[in-house]
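>>> generate a structure from the sequence data that follows.
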Amino acid sequence: MYRCAKCNEPIRNVNALGLQCEKCGSKIFFKERPNVKKVLKSD
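Predicted coordinates:
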């Protein structure tokens, strides 16, 4: 679900308070989003 911004390692334990990357210690994360194209109808 989340990836570390520094080392790109996936984060498994997202419920921990004071979340840090286990590999590099970074506190900046990106939420992974699926590559899905959305088509919207205009009125």
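>>> show residues contacting the helix or strand bottoming out on mean pLDDT in the chain.
For the chain, scoring each helix and strand by mean pLDDT, DSSP states H and E identifies strand 10-11 as the least confident one, at a mean of 84. Residues outside strand 10-11 that contact it (CB atoms under 8 Å, 6 or more residues apart in numbering): 1, 2, 3, 4, 19, 21, 29. For the C-beta atoms, the positions are set from N, CA and C on the backbone; glycine is no exception.
>>> now list the buried members of those residues.
Restricting these to buried positions leaves 2, 4, 21, 29, with burial counted as 16 or more other CB atoms under 10 Å.
>>> need those in a markdown table (columns: distance to residue 41).
Listed next are the buried ones among the contacts of strand 10-11 as a markdown table, based on distance: CB to CB, whole Å:
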| residue | distance to residue 41 |
| --- | --- |
| 2 | 32 |
| 4 | 38 |
| 21 | 41 |
| 29 | 34 |
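>>> CSV for those residues, including secondary structure, pLDDT and distance to residue 40?
CSV is the format used below for those (DSSP: H, G, I helix; E, B strand; the rest coil; pLDDT from 0 to 100; distance: CB to CB, whole Å):
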residue, secondary structure, pLDDT, distance to residue 40
2, strand, 85, 27
4, strand, 89, 33
21, coil, 85, 36
29, strand, 88, 29
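>>> nearest to residue 39, of those?
residue 2 (27.5 Å; CB to CB).
>>> so the closest one versus residue 42, what's the distance?
34 Å (CB to CB, to the nearest Å).
>>> still on that earlier bit, can you give me how far the least confident helix or strand of the chain is from the chain middle?
Mean-position distance between strand 10-11 and its chain equals 7 Å (CA atoms, centre = their mean, to the nearest Å).
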